[in-house]
Structure formats: structure tokens, C-alpha cells
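K.L.:
No sequence on hand, only this structure:
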């Protein structure tokens, strides 16, 4: 994926589901700080983590299928060994409920799982920090 394509994804998005998001009790983690940056730039955040009730003032959801919207971006904070199961969870959703883009944060890649998602029609960004792109491309709201 080219830098221009990534920038188009970031600028075209309004909603971001954050898979593996942490709450305020883990404010020092990237899985809290990066969604905080994204939210501060005007994106609607949907935390996805069965272990938390809410984060950044937003209700948390246990599973992707529980989300009330189809997110433009699914931002993933899970280790690479968990990405195949995540891809299966995404692919189990009806096609019209799948995110447009699956974004694997810095340090996260899994070529086989990524290929399955792309084959199903989604865009995949891997080993990149969404917060860096958002901070560069979108002013604080």
C-alpha cells in the first residue's frame, strides 16, 4: 500500500473501532494513548475489548459483531499471533458489516491473515501507527 493510499484512508475515515483498546487504568499503554490522539482529531472511537466497560468516555464492546456501526477503520492492538483469529472474526461478519480497512499497529504483521482480508475486499495497513498519520494529517478538533 502506498503512502498516498494510506493518507486517503486516514482522511476519508470518520469512525475507528479499536480492537484491544485499554482503559484509563492503562493510560501509559499505546492501546490507550493512540486512540486518545485519534479521538482528539475528531474521529468517533469504538473500543472493542471484553475486559473493559468503557474508555475515553465511550462504551466498550466485547466483540466486533456487537458494534452499532460499521467502522471505517478497525485499528488493531493485538500481538501478531492473534491476528489469524482476528481475521477469522472479521470474515465471520456479514460482508456489509465488515470494516473498510483493517489497520495493524506498529510491529504487527501477519501476511497470511492479511492476504485473507484483502482477498475478501478489505484494505489492510500493517506495521504502521495510526496515531502518527492522524496527528500529521488532521488538526485537533
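P.N.:
Thanks, I have it. Just so you know, these numbers come straight off a predicted model, no measurement behind them.

K.L.:
For the chain, which segments are assigned as strands?
P.N.:
In the chain, the segments counted as strands under DSSP state E are 15-19, 44-48, 54-55, 58-59, 73-76, 101-104, 123-125.

K.L.:
Could you dump those strands into a markdown table with distance to residue 8 and mean neighbour count added?
P.N.:
Any C-beta I mention is one placed from the backbone N, CA and C, and that applies to glycine too. Listed next are these as a markdown table, based on distance: least, C-beta to C-beta, whole Å; neighbours: other C-beta atoms under 10 Å:
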| stretch | distance to residue 8 | mean neighbour count |
| --- | --- | --- |
| strand 15-19 | 15 | 25 |
| strand 44-48 | 19 | 21 |
| strand 54-55 | 27 | 18 |
| strand 58-59 | 25 | 14 |
| strand 73-76 | 12 | 28 |
| strand 101-104 | 10 | 26 |
| strand 123-125 | 10 | 20 |
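
K.L.:
Please convert those to a markdown table, extending it with mean pLDDT and distance to residue 116.
P.N.:
Converted to a markdown table, those look like this (pLDDT from 0 to 100; distance: least, C-beta to C-beta, whole Å):
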| stretch | mean pLDDT | distance to residue 116 |
| --- | --- | --- |
| strand 15-19 | 98 | 16 |
| strand 44-48 | 98 | 19 |
| strand 54-55 | 97 | 28 |
| strand 58-59 | 98 | 29 |
| strand 73-76 | 98 | 14 |
| strand 101-104 | 98 | 10 |
| strand 123-125 | 98 | 9 |
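
K.L.:
Relative to residue 26, which of these is closest?
P.N.:
strand 54-55 (9.1 Å; C-beta to C-beta).

K.L.:
hmm, back to that, turn the strands of the chain into CSV, including distance to residue 28.
P.N.:
As requested, the strands of the chain are exported to CSV (distance: least, C-beta to C-beta, whole Å):
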stretch, distance to residue 28
strand 15-19, 16
strand 44-48, 17
strand 54-55, 14
strand 58-59, 19
strand 73-76, 18
strand 101-104, 21
strand 123-125, 25
